[in-house]
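Asks: need a structure here:
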Amino acid sequence: MNDVRTEKDAALADLLCFSIYSAEHAFTQLYRPLLEGMGLTYPQYLVMTLLWARDDRTVRDLGQALHLQSNTLTPLLKRLEALELVTRRRDETDERVVRIRLTGRGRSLRKGAAAIPDCVAEATGLSPDALRDAIALLDRLRDSLAACGKAEQEK
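Replies: Okay, here's the model as predicted:
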């Protein structure tokens, strides 16, 4: 089968942002059936992954780890609370701080999610070294873009 590209396709092929966007879409499609049985969306899975690694975190801590603002993260956390997977409570020493904790039900999902990272790593077709290199490259790219965006906002 020949790779026939329209003028628009050729233009997209040279855009790094499109490659990242389309890869993100492919990841979402890969994760959807893996998470369906747990009743989680991909963003919810990311929050749960952080909490499984270290429970009892602040909204600010989760937002920094996920590179999300609280106005994006708060509705996500409210949905997880409605699913009875986490609790949201004001910190006892500083009521401005909201702490997120797993419930028993939230902790129990961890076992079902244990195989997901290996499944996704295998689906990438990358060796463990190539996968680590790709993650490091994308992290550097994200940090550079964020710094550039911040500098532009400060102008």
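
Asks: now Met38. Its backbone dihedrals?
Replies: phi -90, psi -10 (degrees, to the nearest 10).

Asks: thought it was touching Ala114?
Replies: No - under the criterion of CB atoms under 8 Å, Met38 is not in contact with Ala114, lying 11.3 Å apart. Heads up, the C-betas are built off the backbone N, CA and C, glycines and all.

Asks: the two - which one has more neighbours?
Replies: Met38 (18 against 10; other CB atoms under 10 Å).

Asks: for the protein, give me the ranges with low pLDDT.
Replies: Within the chain, the segments meeting pLDDT under 70 span 1-8.

Asks: same thing but at 50, please
Replies: The chain contains residues with pLDDT under 50 at 1-2.

Asks: strands of this protein, start to end?
Replies: 57-58, 86-90, 98-102 (DSSP state E).

Asks: could you chop this protein up by domain?
Replies: 39-108, 115-155 (automatic domain parsing).

Asks: need the ones you listed in a markdown table with distance to Ala23 and mean neighbour count, can you?
Replies: What follows is the domains of the chain, written out as a markdown table (distance: least, CB to CB, whole Å; neighbours: other CB atoms under 10 Å):
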| stretch | distance to Ala23 | mean neighbour count |
| --- | --- | --- |
| domain 39-108 | 13 | 15 |
| domain 115-155 | 9 | 11 |
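
Asks: quick one: which of those is nearest Arg32?
Replies: domain 39-108 (7.5 Å; CB to CB).

Asks: what's the first-to-last distance across that closest one?
Replies: 13 Å (CA to CA, to the nearest Å).

Asks: hang on, the earlier thing: who wins for proximity to Ala130 among the strands of the chain?
Replies: Minimum separation from Ala130 across the strands of the chain (CB to CB) falls at strand 57-58, 31.0 Å.

Asks: that closest one pairs with which strands, and in what direction?
Replies: strand 98-102 (antiparallel) (DSSP bridges).

Asks: many thanks, we can stop here.
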